[in-house]
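**Student:** structure for the following, please:
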Amino acid sequence: VAAQFGLGYAPAGWRNLAGVFPDYRDTMLVDSGLVILQGEQDDEKRYDRFRDRIMFPIRNVRGDVIGFGGRVLDASLPKYLNSPETPVFHKGHELYGLFEARTAIRKAGHVLVVEGYMDVVALAQLGFEQSVATLGTACTAEHVQKLFRFTNTIVFSFDGDAAGRRAAQRALEAVLPQLNESRKAKFLFLPTEHDPDSFVRDFGTDAFQQCIDAAMPLSRWLIDCASQGADLQSVEGRAQLIDQARPWVQAMPQGALRTQLQAEVARVAQMSSADLLQLWESVPGRRPSAPQQAPARTASAPSPSPQRGGGLTPDMPWDMDVPLAEPDMGHDPGLDDHPADAGVPAAGQDSRPARQGGQGGKQGFAPRRQDAGRKVHRFHRLSRRVEHVARDHERAIVGDGAGAPRGVGGDGQVAGDGTGIERDAA
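**Tutor:** Predicted coordinates:
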């Protein structure tokens, strides 16, 4: 087994690798994490990262060594030490023992995820060669995705203490988005006084295999997690269950498995599946079942940006009534008697000229002859305050059957909007 996993030993001492590599100052030794560099160029110190430890080579799925893990032989800390993150080694992506376990995983029909290197090696020695371990991190979505390439069933084995259950909950969150009707996940919790190695040695391989076969299905573990802190004998507790289960169930892809889990949550919460689904889908801000008239916007409430050319924006309800009345924009003393506004009509005065030719909107407005600089300055001063007015006009301009847009009289004169600012200028 030691030969299969390539186990070794890093002797005590600070610079043992100096006698192995021809150039101990090679930057690749630092980049790979084998050597630690401290200090500046004039006072730098180099020494081996792994000293007096049992060494576990970490291989990728192709069998290339991409990092190392080391375990102490005494009670010193840290007990386990991994290579740092490098361009080829990412702890959140790699699993210890996966390269060695590939064939056994396919033969067993499942993969057993345990918590440490020693568990993997010990279980392989005892006949459970389908075991892998994370590298000192919680199980991630990348881990799950990689495992599902080799099997459709993942069995997570954790200690039964609080830390083990927290790790199992993180594994649940990682696996939910990748489940479907053909993929399964189970959770095995050993007694708090045992790890997989000690359990097999005390009770035998048959007992451990029975534990694997009877592992808790994901659906039951999800209900257990969602029920934490909830008294299911009370209405409040069942409401808490519904609230806590919702993000996990909705993280799953649509399909029969998600539908069944929703039904199970509904059963435990003592409500119908239809009522639960309706409750979960009632997101604030969506159009209610009974159409309601949208309130007129005020100057203090920002309005959604209209699409170019008018019309409703995608995030607005399709049946929203567009208010035609102009909201009260209030009064800004800072805009009165501004030097740059000389020659510009005061608020409330309609400065828009009549259209030429009396074509009822067929021809454009006569060109404005005000100074371009003053117009640009005034636009910047007022743009924020008239933005919502322009938007409402964009939505409200529709044909009235007489060849003139709403807001334009039959004589081609544009009705004043009380702001003294032309819609085309805004």
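**Student:** how many residues are close by the nearest residue to residue 14 once chain neighbours are set aside?
**Tutor:** Sequence neighbours aside, residue 47 is the residue nearest to residue 14 in space, at 4.3 Å (criterion: Cβ to Cβ, 6 or more residues apart in numbering). From N, CA and C alone the C-beta is placed, and that goes for glycine too. Residue 47 has 16 neighbours, counted by other Cβ atoms under 10 Å.
**Student:** list the residues that contact residue 47.
**Tutor:** Residues near residue 47 by Cβ atoms under 8 Å, 6 or more residues apart in numbering: 14, 15, 35, 36.
**Student:** and what of residue 136?
**Tutor:** 80, 82, 91 are the contacts of residue 136 under Cβ under 8 Å, 6+ apart.
**Student:** just residue 92 next, same as before
**Tutor:** Counting by Cβ under 8 Å, 6+ apart, residue 92 has contacts 137, 140, 142, 143.
**Student:** now the residue nearest to residue 69 when sequence neighbours are not counted: which helix or strand?
**Tutor:** Distance criterion Cβ to Cβ, 6+ apart; nearest residue to residue 69, sequence neighbours excluded, is residue 56 at 4.2 Å. In the assignment (DSSP states H and E), residue 56 maps to strand 53-59.
**Student:** re earlier: out of the contacts of residue 136, who's nearest residue 120?
**Tutor:** residue 80 (12.6 Å; Cβ to Cβ).
**Student:** these two touch, right, that closest one and residue 71?
**Tutor:** Yes - using Cβ atoms under 8 Å, residue 80 makes contact with residue 71 at a distance of 5.6 Å.
**Student:** sec struct for the residue lying closest to residue 10 once chain neighbours are set aside, please.
**Tutor:** The shortest distance from residue 10 to any non-neighbouring residue, by Cβ to Cβ, 6+ apart, is to residue 50 (4.1 Å). Secondary structure, DSSP: H, G, I helix; E, B strand; the rest coil: residue 50 is coil.
**Student:** before we move on, what about residue 67?
**Tutor:** Here residue 67 takes the strand state, with states given by three-state DSSP.
**Student:** which residues sit in contact with it?
**Tutor:** The contact partners of residue 67, by Cβ under 8 Å, 6+ apart, come to 33, 57, 58, 82, 83, 86, 88, 89, 94, 135.
**Student:** again with residue 35
**Tutor:** Neighbours of residue 35 in contact, by Cβ under 8 Å, 6+ apart: 17, 24, 29, 46, 47, 48, 49.
**Student:** returning to that earlier point: reformat the contacts of residue 47 as a markdown table; add secondary structure and pLDDT.
**Tutor:** Listed next are the contacts of residue 47 as a markdown table, based on DSSP: H, G, I helix; E, B strand; the rest coil; pLDDT from 0 to 100:
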| residue | secondary structure | pLDDT |
| --- | --- | --- |
| 14 | coil | 96 |
| 15 | coil | 95 |
| 35 | strand | 96 |
| 36 | strand | 96 |
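**Student:** of those residues, just the buried ones, PyMOL syntax please.
**Tutor:** Selection of buried members from the contacts of residue 47 for PyMOL, criterion 16 or more other Cβ atoms under 10 Å:
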select buried, resi 35
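**Student:** format the contacts of residue 47 as JSON lines; extra columns: distance to residue 191.
**Tutor:** As requested, the contacts of residue 47 are exported to JSON lines (distance: Cβ to Cβ, whole Å):
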{"residue": "14", "distance to residue 191": "42"}
{"residue": "15", "distance to residue 191": "45"}
{"residue": "35", "distance to residue 191": "42"}
{"residue": "36", "distance to residue 191": "39"}
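**Student:** packing partners of the strand holding residue 56?
**Tutor:** strand 8-10, strand 65-72, helix 98-108 (3 or more Cβ pairs under 8 Å, 6 or more residues apart in numbering; DSSP states H and E).
**Student:** please redo it, this time with the cut-off set to 6 Å
**Tutor:** strand 8-10, strand 65-72 (3 or more Cβ pairs under 6 Å, 6 or more residues apart in numbering; DSSP states H and E).
**Student:** just give me the closest of the contacts of residue 92 to residue 226.
**Tutor:** Relative to residue 226, and with distances defined as Cβ to Cβ, the nearest of those is residue 140, at 21.6 Å.
**Student:** what residues are up against the closest one?
**Tutor:** 92, 174 (Cβ atoms under 6 Å, 6 or more residues apart in numbering).
**Student:** buried residues in stretch 86-102, which are they?
**Tutor:** 89, 91, 93, 94, 95, 96, 97, 98, 99, 100, 101, 102.
**Student:** can you tell me which of these is nearest residue 263?
**Tutor:** Among these, residue 95 lies closest to residue 263 (Cβ to Cβ), at 33.5 Å.
**Student:** for residue 40, see how far away residue 26 is.
**Tutor:** Distance, residue 26 to residue 40, using Cβ to Cβ, to the nearest Å: 19 Å.
**Student:** more neighbours, those two?
**Tutor:** residue 26 (13 against 6).
**Student:** give me the nearest residue to residue 126, chain neighbours excluded.
**Tutor:** Residue nearest to residue 126 in three dimensions, not counting chain neighbours: residue 200, with 4.9 Å by Cβ to Cβ, 6+ apart.
**Student:** that should have said residue 277, apologies.
**Tutor:** Leaving aside its sequence neighbours, residue 277 sits nearest to residue 262 (Cβ to Cβ, 6+ apart; 6.3 Å).
**Student:** doesn't the one you found belong to a strand?
**Tutor:** No - using three-state DSSP, the assignment for residue 262 is helix, not a strand.
**Student:** okay, it: pLDDT?
**Tutor:** With respect to pLDDT, residue 262 has a value of 95.
**Student:** next: the one 10 residues further on.
**Tutor:** pLDDT recorded at residue 272 is 95.
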